[in-house]
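Asker: I would like the atomic coordinates for the input below:
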Amino acid sequence: MTKEKPTTAASIAPLDALVEHTLRAVNDVDADLAAQRVADLRTQRSLHGDALVEHLIRQKARQTGMVGAVTSAAALVPGLGNITAFTIGVAADVGVTLRLQSELVLEIAAARGKTLSPSEARNALLVVTGLNMGAERLVNQAGRKLAQKTAERFAGRAIVKAIPFVGIAVSAGANMVMTYLVGRRADAYFQLGEDQVGDWNASLRALTGVDERKLVGWLGEVMTEVGAAIGNRARQLRARAGDGLRSASNAVVARFGRRPRSDV
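Answerer: Numbers count the residues shown, from 1 in each chain. You can find the predicted model right below:
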């Protein structure tokens, strides 16, 4: 029989920090705005029930996937520099992903006709996210698997050769897996109750077949956008470098004049 490892202060501290960060994120999310976004989708797109929830999950999975991709791209692609110079409409920060996932939980609550008090919203988020430090490792593994499958789908395309495709896709994929499962767990929570949410191991085991293929498709869309954005940024950097060289050359000519060619 294997003995359980004793809980240490070092293992508790990261979890406590994550709980605190999560609670701050959900406190910052406006439940009324979340409900308004859901109402707008019902009106503008005539989305209801399962179709509405699916749209909400897809939207947030793509957004958090983009956050992960942008963060990774800034670190992996030479010349991109600070993330603020590489604009795809999101700020790269772990708090952004957590906030988007908190918004998703409240949006699904509204989609299922639930009105939550602040304490109920906090409890829902804690149950749905699980706050299991071991889940992060499993989610990262699932993200890597998605990245590899997406790379296979894009094999031979210019985007795979132009950027560190798999490295960026792993980060994006992990965020998308986490957000997708948060959405599915939230839907189970609001429809079936807390006891039916299950643990993260069970949620990840269920991420096969149709769901996995769906996520690969979404990740492919994100990577296409990221590849285009990186290409645009690279062209901007080349153009600026060219302008700088021309300006320096013109300054030299203005100061010293053109050097006459030496007769051979």
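
Asker: and residue 142, what is it in contact with?
Answerer: The contact partners of residue 142, taken as Cβ atoms under 8 Å, 6 or more residues apart in numbering, are 173-174, 177, 204, 207. Backbone N, C-alpha and C define where each C-beta goes, glycine included.

Asker: let's see it at 6 Å
Answerer: residue 177 (Cβ atoms under 6 Å, 6 or more residues apart in numbering).

Asker: please tell me how far it sits from residue 202.
Answerer: 13 Å (Cβ to Cβ, to the nearest Å).

Asker: do residue 212 as well
Answerer: Summarising the geometry, the distance separating residue 212 from residue 202, computed by Cβ to Cβ, is 15 Å.

Asker: the more surrounded of these two?
Answerer: With neighbours defined as other Cβ atoms under 10 Å, residue 212 and residue 202 compare such that residue 212 has more, 17 against 10.

Asker: rounded mean pLDDT for the helix or strand where that one lies, please.
Answerer: Taking DSSP states H and E as the criterion, the element that holds residue 212 is helix 210-256. Mean pLDDT, computed over helix 210-256, is 73.

Asker: equivalent analysis for stretch 191-204, please.
Answerer: 83.

Asker: count residues in the vicinity of residue 163, would you?
Answerer: Summarising burial for residue 163: neighbours were counted as other Cβ under 10 Å, giving 22.

Asker: list the contacts for it?
Answerer: With contacts taken as Cβ under 6 Å, 6+ apart, residue 163 has the following neighbours: 227, 230.

Asker: residue 227 too?
Answerer: For residue 227, the set of contacting residues under the criterion of Cβ under 6 Å, 6+ apart consists of 159, 163.

Asker: can we see that at 8 Å?
Answerer: Contacts of residue 227 were listed using Cβ under 8 Å, 6+ apart, and they are 159, 162-163, 165.

Asker: mind picking the two most distant members of the residues you listed?
Answerer: 162 and 165 (8.3 Å; Cβ to Cβ).

Asker: more crowded one of the two?
Answerer: Counted by other Cβ under 10 Å, residue 162 and residue 165 do not tie: residue 165 has more neighbours, with 21 against 13.

Asker: and the strands in this structure, which stretches?
Answerer: Secondary structure of the chain, counting by DSSP state E: no strands present.

Asker: any low-confidence regions in it?
Answerer: Flagging of the chain using pLDDT under 70 yields the residue ranges 1-28, 77-94, 130-135, 234, 237-238, 240-264.
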